[in-house]
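1. Below is the sequence, then the predicted model.
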Amino acid sequence: MEDRHAAYRALIRERLDAAFVEALRVGTNGSWALGGERFRKEIEAAAERRAAPPPPGLRPKPAKKRETDETPVTGVPTLTPISLNVLRKANTQAPNIVVHLGDSTASAEDIVQVLQENPGSNLNSVYFIDNSRVLLYRHR
């Protein structure tokens, strides 16, 4: 046991190469594989994603801007994505849905109006959480 402690103390006393420390830092912060080119290629094949940072100057395209909850869906002027999501969840997951409106400019009243215009679903009730209020809407 004392030999192991001595070996550990010796390892700690040695200064690590600055380039290795930087590679370790970059690899850890970016979730990149740390190793040789062959090893990284094996990791990329297994993980089906890049295992090393892209070359300088080559940056991924920014993600397309998602529609906000308040943006009407093309071709269906009264249904907003949040309303469609509530109806979809009611038909595929559960008849009682909880909607948090904290970051949305949509109001519970707007969504209820859309839900009333589209009664053909398995929706039973929607609980709207808006700041410190909880509002209940019964669909049936």
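-> Structure received.
2. Got the domain ranges for this structure?
-> As recorded under automatic domain parsing, the domains making up the chain are 2-47, 81-138.
3. Any chance of JSON lines for those domains, columns distance to P56, mean neighbour count and mean pLDDT?
-> Bear in mind the C-beta positions are built from the backbone N, C-alpha and C, glycine included. Output for those, formatted as JSON lines (distance: least, C-beta to C-beta, whole Å; neighbours: other C-beta atoms under 10 Å; pLDDT from 0 to 100):
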{"stretch": "domain 2-47", "distance to P56": "13", "mean neighbour count": "11", "mean pLDDT": "84"}
{"stretch": "domain 81-138", "distance to P56": "36", "mean neighbour count": "15", "mean pLDDT": "80"}
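4. can you redo the ones you listed as CSV with distance to P53?
-> Listed next are the domains of the chain as CSV, based on distance: least, C-beta to C-beta, whole Å:
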stretch, distance to P53
domain 2-47, 6
domain 81-138, 32
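5. Now do H139 against S125, distance only.
-> Distance from H139 to S125, counting by C-beta to C-beta, to the nearest Å: 6 Å.
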